[in-house]
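> Sequence plus predicted model, see below.
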Amino acid sequence: MADGDTLVIAHRGASGYLPEHTLEAKAYAHALGAHYIEQDVVATRDDRLVVLHDIHLDRVTNVAEKFPQRKRDDGRYYARDFDLAEIKSLTVWERRGDDGITAVYPNRFPTGVGTFRVPTLRDEIKLIQGLNKATGRNAGIYPEIKSPAWHRREGVDLSSLVIEQLDDLGYRTKADPVYLQCFDAAEVRRIRLELDCGLKLVQLLGENSWGESDTDYDALKTPGGLETLSELADGVGPWLGQLVSTAGVDGTPVTTGLVSAAHAAGLEVHPYTFRADQLPPGFETMEEMVRWFVETLGIDGLFTDFPDLAINALS
Ligand code: G3P
Ligand code: CA
């Protein structure tokens, strides 16, 4: 894909500047010119869809203060254990680490500040559609079905609910400005074949060691795996380490060959996550990094916490 066509996907919104997955972060991403805006989607106890990266609430909200008795035996607070009204009563803050205190990204929006809320998928898409109408732009949406197998064990078919919601809001075909993404390859297959979803689909790629799903990502990344995948999906979303490694004493970036292999199978490639405050080895600036991935590897899109920096680098 030519440089000018590279899609800039706002990862959890403009999350480099405002707490992730808040409507404020989404509105800002739209204002910064992101082509697509991402939603990670999980289900509440009353089967409502909310935009939240984790199946847990405790790293990004004050749930532990507000509902101290509602944690599970593992000490975590699950969105699935709360009704939407309860989740709406929580304050969202900038992501914290495992100690529940320290900000993961210390130079971003201060954690614990503000009156941000967890949005529903519907409210968020309505916001983006409204901004599209008001500005004349046409930013797309990029929902991720989070942990579908876990949700099924919890008694809810997350994929069906998301597809139903998207259909209701006008997203039905590959011509619509939406990519639906998932880490679970069995679920991607199910979404396309059983649920008969007509949207563009992206298979996310992780490492088998992450325990993200039962998917064998090593097999999926082979030419044969990518060829088979291309019968179901339109693209892949690898993490940066699957596309680049460094060579020599000067740490020069070198390609792993995965972009070419995916392109040979007819798949788009949208890697995650481009962060100005967490550059991989071999890059000094976000601009340098974006340009290398676009010009040397020929990626088709990129997930970034800093959509403005990516757009500037592309222009
Ligand atoms: O969906 C692309 C990227 O967001 C995957 O990583 O963990 O941020 O959802 P994660
Ligand atoms: Ca995601």
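Yes, it's here. Ligands and ions are numbered 1, 2, ... in the order given.

> mind listing what the residue in the stretch 51-200 of the chain that ligand 1 sits nearest to touches?
Nearest to ligand 1, among the residues of the stretch 51-200 of the chain, is Glu144, at 4.7 Å (C-beta to the nearest ligand atom). Where you see a C-beta, it was placed from the backbone N, CA and C, and this is true even at glycine. Residues in contact with Glu144 (C-beta atoms under 8 Å, 6 or more residues apart in numbering) are 38-41, 180-183, 204.

> Repeat that for Ile299.
Here Ile299 is in contact with 1, 6, 243, 259, 269-271, 293 (C-beta under 8 Å, 6+ apart).

> what kind of secondary structure is it in?
coil (DSSP: H, G, I helix; E, B strand; the rest coil).

> Would you confirm that Leu240 contacts Tyr272?
Yes - assessed by C-beta atoms under 8 Å, Leu240 is found in contact with Tyr272 at 7.2 Å.

> Mind pulling up the pLDDT for Pro281?
You'll see Pro281 listed with a pLDDT of 88.

> Just give me the neighbour total for it.
Look at Pro281: counted by other C-beta atoms under 10 Å, it has 11 neighbours.

> Please apply the same query to Ala29.
Counted with other C-beta under 10 Å, Ala29 comes out at 33.

> close enough to count as contact, it and Ala14?
Yes - with contact defined as C-beta under 8 Å, Ala29 and Ala14 form a contacting pair (4.1 Å).

> rewinding a little: tell me which two of the contacts of Glu144 sit farthest apart.
The span of the contacts of Glu144, defined through C-beta to C-beta, is set by Gln39 and Phe183 at 14.9 Å.

> pLDDT (mean, whole number) over the helix or strand where Glu124 lies?
Here Glu124 sits within helix 121-135, counting by DSSP states H and E. For helix 121-135, mean pLDDT rounds to 98.

> could you pull out the strands for the stretch 1-150 of the chain?
If DSSP state E, counting those that start in this stretch is used as the criterion, the strands of the stretch 1-150 of the chain fall at 7-10, 36-43, 49-51, 140-145.

> Touching the third one from outside, list them.
By that I understand strand 49-51. 21, 39-44, 79, 84, 87, 118-122, 124, 158, 161-162, 165.

> what residue ranges in the stretch 151-300 of the chain score low on pLDDT?
248-249 (pLDDT under 70).

> Backbone torsions only: list them for Pro253.
phi -70, psi 140 (degrees, to the nearest 10).

> How about it: which residues does it bridge to?
Thr246 (DSSP bridges).

> and it, how many neighbours?
19.

> can you tell me how far it sits from Leu240?
10 Å (C-beta to C-beta, to the nearest Å).

> anything in contact with each of the two?
Pro280.

> Would you format the strands of the stretch 1-150 of the chain as JSON lines with mean pLDDT and distance to ligand 2 included?
Converted to JSON lines, the strands of the stretch 1-150 of the chain look like this (pLDDT from 0 to 100; distance: least, C-beta to the ion, whole Å):
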{"stretch": "strand 7-10", "mean pLDDT": "98", "distance to ligand 2": "9"}
{"stretch": "strand 36-43", "mean pLDDT": "99", "distance to ligand 2": "5"}
{"stretch": "strand 49-51", "mean pLDDT": "99", "distance to ligand 2": "10"}
{"stretch": "strand 140-145", "mean pLDDT": "98", "distance to ligand 2": "4"}
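
> Out of those strands, which is closest to Lys71?
strand 36-43 (16.7 Å).

> Can you work out which other helices and strands pack against the closest one?
If contacts are counted by 3 or more C-beta pairs under 8 Å, 6 or more residues apart in numbering; DSSP states H and E, strand 36-43 sits against strand 7-10, helix 23-32, strand 49-51, helix 121-135, strand 140-145, helix 158-168.

> hmm, that strand touching ligand 1?
Yes - looking at strand 36-43 against ligand 1 by C-beta under 6 Å from any ligand atom, the contacts come from Asp40.

> Give the pairing partners of that strand; include direction for each.
Strand pairing (DSSP bridges) places strand 36-43 next to strand 7-10 (parallel), strand 49-51 (antiparallel), strand 140-145 (parallel).

> re the thing from before, tell me, which of the contacts of Ile299 make contact with ligand 2?
By C-beta under 5 Å from the ion, no member of those lies near ligand 2.

> From these, list just the buried residues.
Buried residues within the contacts of Ile299, counting neighbours by 16 or more other C-beta atoms under 10 Å: 6, 243, 259, 269-271, 293.
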